[in-house]
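Colleague: Please find the sequence and the predicted model below.
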Amino acid sequence: MYKKDPIFWWASGIFILALLIFAITQNQLWLALMIGSYLLRPTLASLGVARRYVDERQLSIHYRSSNIAFVVMIIVCIIFAAKLSAEGNPDWEIFNMIIIAGLAAKALFNIVLAKNLREAATKIILAAGLLMTLFVMMSSVEHGLSFSTLLNLTPGLAIVGLGVLSKHYPRAIGVVVFLTTAGLVFFILSKGLAWAQIGTAILVGVPLVIAGACLYRPSKYETEIEYVKSE
């Protein structure tokens, strides 16, 4: 059993609030709060915010159960996407977006939680640029190679170039990444506000914004030099 620490009381408060919302309004917010109360402790522990309230055995259990739950969620989404696609229902794209978002979030935090944020930023920018380039190339296989396809490759390759330069000019490239992200998101949303456009804007924008912010943090090497100088 968990000790009655601050996280216990916060989770209990959120749980009671969820029950009250369900009883009074039956608004779907109650379900989100219920999930939040259950995941509060393992999420904080995973982010390193409340490690002292979780022992190593609990961390191991949370790690294994979270991976199993993630795999189950991905499999369920794949099944529903395949079913809706076979029925000709365009809503199958929503489940594809959930799958991509889940995998992207896992990959993103695997890099960020390594704590070397400037190196993580470079990896995120390179990965985003390469994925954008890959999607355009996959589209060109279906529609054929053309001059417009080559033009569509430009944004992805430009982002790859920013990733390479970020190793040498991190802060300057951080500004460029912010501006580039704003331009890409505006361009994507200008085509419409359908789920596909909104999801794409989030998947492109959020990792790049995080990468741009990470470029302003000192690298692990710089931190070690500052520590030695302080000694």
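Modeller: On my side now, so go ahead. Please read all numbers here as calculations on a predicted model, not as lab measurements.
Colleague: Off-centre distance for stretch 124-134?
Modeller: 14 Å (Cα atoms, centre = their mean, to the nearest Å).
Colleague: what does stretch 171-184 give?
Modeller: Centroid separation for stretch 171-184 versus its chain: 18 Å, with Cα atoms, centre = their mean.
Colleague: what about that stretch, average pLDDT?
Modeller: If you average the pLDDT over stretch 171-184, you get 89.
Colleague: ok, now stretch 212-225?
Modeller: Here stretch 212-225 scores 66 as its mean pLDDT.
Colleague: The helix or strand containing I16: which residues count as buried?
Modeller: Assigned by DSSP states H and E, I16 belongs to helix 6-24. Going by neighbour count (16 or more other Cβ atoms under 10 Å), the buried part of helix 6-24 is I7, A11, I14, F15, L17, A18, I21, F22. The C-beta positions use only the backbone N, C-alpha and C, and glycine is treated the same way.
Colleague: For Q197, see how far away I7 is.
Modeller: 38 Å (Cβ to Cβ, to the nearest Å).
Colleague: same thing with A127?
Modeller: 21 Å.
Colleague: who's more crowded, those two?
Modeller: More crowded of A127 and Q197, by other Cβ atoms under 10 Å: A127, with 19 against 15.
Colleague: Quick test: name the residue nearest the centre of this structure.
Modeller: A105 (3.0 Å; Cα atoms, centre = their mean).
Colleague: What values do phi and psi take at it?
Modeller: Dihedral pair for A105: phi -60, psi -40, per degrees, to the nearest 10.
Colleague: picking that back up, following element in sequence after the helix holding I16, please.
Modeller: For helix 6-24, the following helix or strand on the C-terminal side (DSSP H and E) is helix 29-46.
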